[in-house]
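Q: What follows is a predicted structure for the sequence shown.
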Amino acid sequence: MAAPTEYAERLGLRWWYWLAGLALAGLLAAELWMGAPGLRSWLPFVLVPPATVAALWWLGRIRVAVRDGELRVDDARLPVRFVADAVPLDAAGRREVLGVGSDPLAFVVQRPWIGGAVQVVLDDPADPTPFWVVSSRRPVELAAAIMAARDAA
């Protein structure tokens with residue numbers, strides 16, 4: 001059976017990050033209030049929680065997809081015909097690829113709360129970028145979809 005050529009994933013935050021973030025927002029609003037009257041009595045509770053929700057949403061907005069012969073990571077698009085290899089990485093492999101000896105020209109979309117990643121090695125003489133490293137909760141499936149899309153193209 002052939003690997004699927006379509007793949008989609010959102011690199012969102014886990015539910016408990018949202019819970020912890022909102023709890024800390026409530027605590028920060030209460031600390032800013034500190035029993036003061038007037039504007040300081042309600043303004044922190046109006047501003048801090050929505051700002052926290054916006055920040056948490058922004059952190060989890062990245063989408064990764066393999067569709068229509070392209071690897072799409074947020075706004076970046078890579079035609080799969082330029083992919084030489086796609087290597088799934090666990091947390092230790094990701095740390096090694098992004099560690100001290102990493103290539104500064106690499107394109108990296110890394111989320112610290114996601115353990116896995118995929119290293120996409122490029123074969124494009126016109127592009128100085130040697131590889132992409134993209135976080136993924138399902139790196140084996142993402143790598144298989146990239147390679148299947150490349151082979152289908």
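A: The structure has been received and is ready for your questions. None of these values were measured; they are calculated from a predicted model. Numbers count the residues shown, from 1 in each chain.

Q: Return the list of helices and strands in contact with the lengthiest helix in the chain.
A: Longest helix in the chain, counting residues (DSSP state H): helix 39-59. The contact analysis (3 or more Cβ pairs under 8 Å, 6 or more residues apart in numbering; DSSP states H and E) places helix 39-59 against helix 15-33. C-betas here are computed from N, CA, C, even on glycine.

Q: mind listing what's buried in the helix it packs on?
A: Going by neighbour count (16 or more other Cβ atoms under 10 Å), the buried part of helix 15-33 is Trp18, Gly21, Ala25, Ala29, Trp33.

Q: quick one: the longest helix of the chain to chain centroid distance?
A: Counting by Cα atoms, centre = their mean, to the nearest Å, helix 39-59 is centred 24 Å from the centre of its parent chain.

Q: repeat for stretch 23-39
A: Computed by Cα atoms, centre = their mean, the chain-centroid distance of stretch 23-39 equals 32 Å.

Q: Setting the sequence-adjacent residues aside, check what's closest to Phe137.
A: Slight slip there: residue 137 is Arg, not Phe. Ile114 (5.7 Å; Cβ to Cβ, 6 or more residues apart in numbering).

Q: Could you report the neighbour count for that neighbour?
A: Residues lying near Ile114 (other Cβ atoms under 10 Å) number 20.

Q: Contacts only, for it.
A: Taking Cβ atoms under 8 Å, 6 or more residues apart in numbering, we find Ile114 in contact with Leu11, Ser135, Ser136, Arg137.

Q: now with 10 Å?
A: The contact partners of Ile114, by Cβ atoms under 10 Å, 6 or more residues apart in numbering, come to 9, 11-14, 62, 91, 94, 134-137, 139.

Q: picking that back up, not counting the longest helix of the chain itself, show me its contacts.
A: Contacts for helix 39-59 (Cβ under 10 Å, 6+ apart): 11-13, 17-18, 20-36, 111, 113.

Q: The same query, at a cut-off of 7 Å, please.
A: Leu13, Tyr17, Trp18, Gly21, Leu22, Ala25, Gly26, Leu28, Ala29, Leu32, Trp33 (Cβ atoms under 7 Å, 6 or more residues apart in numbering).
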